[in-house]
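generate coordinates for the sequence data below:
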Amino acid sequence: MTDNRNVIIAIVLSMVVLFGWQFFVAGPQLERAQQQAQIAAEQAQSEAALATPAATVSADGTAAPAADGSAVYADRAAAIAATQRVAIDTTDLHGSINLTGARLDDLELKQYRETVDPDSPIITLLTPAGAPGAYFAEQGWVPAAGASIAVPNGQTVWTPEGDATTLTEATPVTLRWDNGAGLVFRRTFAVDEHYLFTVTQTVENTGAGDVALFPYARVARHGTPQVANFFIQHEGPHGVLGSNNMISKKYSDLQNDQQVRFDNTTGWLGISDKYWATAVLPVPSATINALFSWKNTGSYDDYQTSFVETTPVVVAPGATATHESYLFAGAKEEAVIASYQQQYGFDRLDLLIDWGWLFFITKPMYYLLTFLNGIIGNFGVAVLAVTVIVKALFFPLASRSYASMAAMRRVQPEMKAIQERFKEDRPAQQQAMMELYKKEKINPLSGCWPILIQIPVFFALYTVIFISLDMRHAPFFGWIQDLAAPDPTNIFTLFGLIPWDPTVLPIIGSFLHLGIWPVIMGITMWVQMKLNPPPPDPTQAMIFNWMPVIFTFMLGTFPAGLVIYWAWNNTLSVTQQWFIMKRHGAEVNLLGNILDSFKRKPKAAEPTKS
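As a prediction, this is how the structure comes out:
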């Protein structure tokens with residue numbers, strides 16, 4: 001039947017859109033066959049070109065000629081205890097500033113925990129160099145090329161200045177270092193109530209001549225972190241660099257490229273995780289030379305995003321010069337990031353959150369969900385409400401589509417007659433069919449629309465559920481306490497009665513997590529397909545029978561919020577299609593079609609022997 005064929009086409013297209021991009025376009029690149037020798041030496045030479053012709057940068061991105069001599073520590077706690085620090089304590093942040101290097105390398109997010117358990121550890125964002133998974137940010141100065149000026153580096157020990165001993169929203173902290181050659185450096189850290197640090201650097205020149213220094217900033221990460229590996233969202237180095245627009249690099253891409261430069265540009269850059277990010281931001285009017293870089297030190301992969309400003313800060317004898325830049329380190333909260341973009345004028349800072357290709361649908365979907373959640377108080381129920389709204393918006397189109405499907409059923413006898421009459425002449429058969437469609441005002445492809453129109457909405461909602469920090473650890477009802485995580489139940493463990501984890505099995509393990517909500521979704525999809533009698537073609541019938549099963553297993557590891565949406569959408573679609581088709585006089589024998597599925601099929605009669 002043509003309406004069944006249209007549904008099959010729509011479902012296949014849905015699968016292609018959902019999974020084709022991931023496997024054929026955005027899948028992980030092949031690992032490099034072998035790493036080049038002498039990468040460290042080459043990195044040092046090439047990174048020197050980052051600065052303007054009058055400036056230079058060492059291999060690790062600091063202003064020091066010596067390599068980073070950080071010690072190696074057994075864990076994060078040992079690295080923190082090994083150095084003197086100034087504490088950070090704000091509403092949203094806890095951590096410390098390392099007096100060695102004046103780095104921000106110890107930061108935890110007070111408002112977020114690792115699991116839904118309220119007693120689980122809070123999220124750790126930054127970790128000192130030398131500890132496993134080191135991840136830190138710093139600002140500094142680069143001297144002019146050929147100049148022998150001693151500037152602070154990653155091993156410089158700074159001294160707190162003033163009365164402030166803890167960095168809070170109300171109390172900035174100033175660190176001081178004297179190079180012993182006529183320059184006194186100060187670095188003042190201030191932080192707001194959320195995640196934005198303002199770093200003010202001053203240079204006091206007590207010498208006899210002018211001094212020219214170039215401000216720089218970087219975010220460094222040691223080791224390759226585990227990423228979600230979904231095409232829906234970027235995790236890794238990225239930034240917005242003026243006319244270069246959004247630049248996103250996977251960790252594997254950066255290993256292949258080793259370094260990617262953008263000279264004489266503007267903007268910001270950093271490293272993003274799924275829900276958290278760290279970025280260095282010059283003032284919006286500053287011109288910078290930006291660099292994404294990678295090197296292998298022999299013990300870890302070193303990823304960096306850094307910039308050097310192209311205009312030097314010139315300090316006259318007896319004068320003091322000041323420079324200001326910013327550092328974002330925290331949770332990717334949409335409202336907070338939007339406020340920074342508006343208040344400070346940062347270029348497209350909202351792209352810290354990867355809204356995807358369908359951002360023009362995704363962002364309004366996010367705003368609608370958060371608005372409804374503010375009224376309802378439950379993100380899961382807000383998802384159900386959005387589904388009802390979408391169904392209502394597309395009801396006129398669905399009504400026309402289902403009306404056309406009903407008309408297709410009405411002319412089935414004539415279509416069969418045409419097929420018999422032109423059995424041996426396919427072009428004539430197609431011509432006669434088209435004339436019949438035109439006479440009856442039928443669009444044979446209209447049956448696809450009720451399914452096709454929900455694909456971008458599905459993607460937009462999937463993106464919101466997958467990337468939105470608001471959905472993280474958001475409860476629904478019952479056993480669903482995190483809409484952004486898969487349904488925690490599993491029929492293959494009899495819902496916890498069998499103490500084993502089938503997902504660890506090789507090859508098939510990833511398919512052996514199947515919770516209650518994916519099963520409910522599969523049932524609703526199967527019921528929706530039973531609105532129409534089974535197609536006479538055996539191949540089509542087999543596809544209809546197995547499609548709900550395939551989708552059930554595929555969605556087993558999807559976020560629970562998305563599975564709940566799809567189950568609810570299928571339920572609404574059944575109700576909507578039944579109502580529209582009955583109104584147009586089409587016979588809808590849903591119960592009969594379901595019961596027929598469980599009846600034993602008669603065996604085909606064997607041909608009689610002559």
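
pull the distance from the longest helix seen in the chain to the chain's centre.
Secondary structure of the chain per DSSP state H: the longest helix is helix 560-583. Averaging C-alpha positions (CA atoms, centre = their mean, to the nearest Å) puts helix 560-583 28 Å from its chain's average.

output the contacting helices and strands for it.
Applying 3 or more CB pairs under 8 Å, 6 or more residues apart in numbering; DSSP states H and E, one finds that helix 560-583 contacts helix 379-393, helix 395-410, helix 454-467, helix 516-529. The C-beta positions use only the backbone N, C-alpha and C, and glycine is treated the same way.

now do 10 Å
In terms of contacts (3 or more CB pairs under 10 Å, 6 or more residues apart in numbering; DSSP states H and E), helix 560-583 is packed against helix 379-393, helix 395-410, helix 449-452, helix 454-467, helix 516-529, helix 538-554, helix 590-596.

residue 240: which of these is closest?
Closest to residue 240 of those, according to CB to CB: helix 454-467, at 17.3 Å.

for the closest one, buried residues please.
By 16 or more other CB atoms under 10 Å, the buried positions in helix 454-467 come out as 454, 456-467.

do the same with stretch 234-245
In stretch 234-245, counting by 16+ other CB under 10 Å, buried: 234, 235, 236, 237, 238, 239, 240, 241.

also stretch 305-313?
Of all the residues in stretch 305-313, those buried under the rule 16+ other CB under 10 Å are 305, 306, 307, 308, 309, 310, 312, 313.

how far is the strand or helix carrying the fourth one from where the chain is centred?
It stands for residue 308. For residue 308, the host element (DSSP states H and E) is strand 301-309. A distance of 21 Å separates the centroid of the chain from that of strand 301-309, by CA atoms, centre = their mean.

before we move on, the earlier item: just curious, which of the buried residues of helix 454-467 is nearest to residue 580?
Of all the buried residues of helix 454-467, residue 580 sits closest to residue 454, with 15.6 Å by CB to CB.

OK, contacts around the closest one?
Contact analysis of residue 454 by CB atoms under 10 Å, 6 or more residues apart in numbering lists 10, 14, 387, 390, 391, 394, 398, 461, 566, 569, 573.

one more time with 8 Å, if that's ok
For residue 454, the contacting residues are 390, 394, 569, by CB atoms under 8 Å, 6 or more residues apart in numbering.

if we ignore the residues flanking it in sequence, what's nearest the second one?
Translated: residue 394. residue 453 (5.6 Å; CB to CB, 6 or more residues apart in numbering).

over to the last one?
Across the structure, with CB to CB, 6+ apart as the measure, the residue nearest residue 569 apart from its sequence neighbours is residue 387 (5.3 Å).

what's around that neighbour, how many residues?
Residue 387 has 22 neighbouring residues, counting by other CB atoms under 10 Å.

can you read off the pLDDT for it?
pLDDT, residue 387: 87.

ok, residue 337 next?
Note for residue 337: predicted pLDDT of 97.

does the nearest residue to residue 209 once chain neighbours are set aside count as helix, strand or coil?
Closest residue to residue 209 apart from its sequence neighbours, by CB to CB, 6+ apart: residue 317 at 6.3 Å. At residue 317 the chain is in coil, as set by DSSP: H, G, I helix; E, B strand; the rest coil.

my guess is residue 317 meets residue 205, correct?
Yes - with contact defined as CB atoms under 8 Å, residue 317 counts as touching residue 205 (5.7 Å).

neighbour-wise, which of those two wins?
residue 205 (19 against 12).

hang on, isn't that one packed against residue 213?
No - the criterion here is CB under 8 Å, and residue 205 misses it with residue 213 at 10.0 Å.

the residue lying closest to residue 232 once chain neighbours are set aside and residue 144, how far apart?
Sequence neighbours aside, residue 466 is the residue nearest to residue 232 in space, at 5.2 Å (criterion: CB to CB, 6+ apart). Distance from residue 466 to residue 144, counting by CB to CB, to the nearest Å: 47 Å.

also residue 326?
Remark: distance between residue 326 and residue 144 (CB to CB) = 25 Å.

who's more crowded, these two?
Neighbours of residue 326 and residue 144, each counted by other CB under 10 Å, are more numerous for residue 326; the result is 21 against 17.

got the CA positions of stretch 197-207 in PDB?
Output in PDB follows, covering the C-alpha atoms of stretch 197-207 (Å, rounded to 0.1, in the frame of the first residue of the first chain):
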ATOM      1  CA  PHE A 197      37.600  36.200  36.600                       C
ATOM      2  CA  THR A 198      39.000  39.600  35.800                       C
ATOM      3  CA  VAL A 199      42.800  39.500  35.700                       C
ATOM      4  CA  THR A 200      44.600  42.900  36.000                       C
ATOM      5  CA  GLN A 201      48.300  42.900  35.400                       C
ATOM      6  CA  THR A 202      50.500  45.900  36.200                       C
ATOM      7  CA  VAL A 203      54.100  46.600  35.500                       C
ATOM      8  CA  GLU A 204      56.100  49.200  37.500                       C
ATOM      9  CA  ASN A 205      59.200  50.400  35.700                       C
ATOM     10  CA  THR A 206      61.900  51.700  38.100                       C
ATOM     11  CA  GLY A 207      64.600  51.400  35.500                       C
END
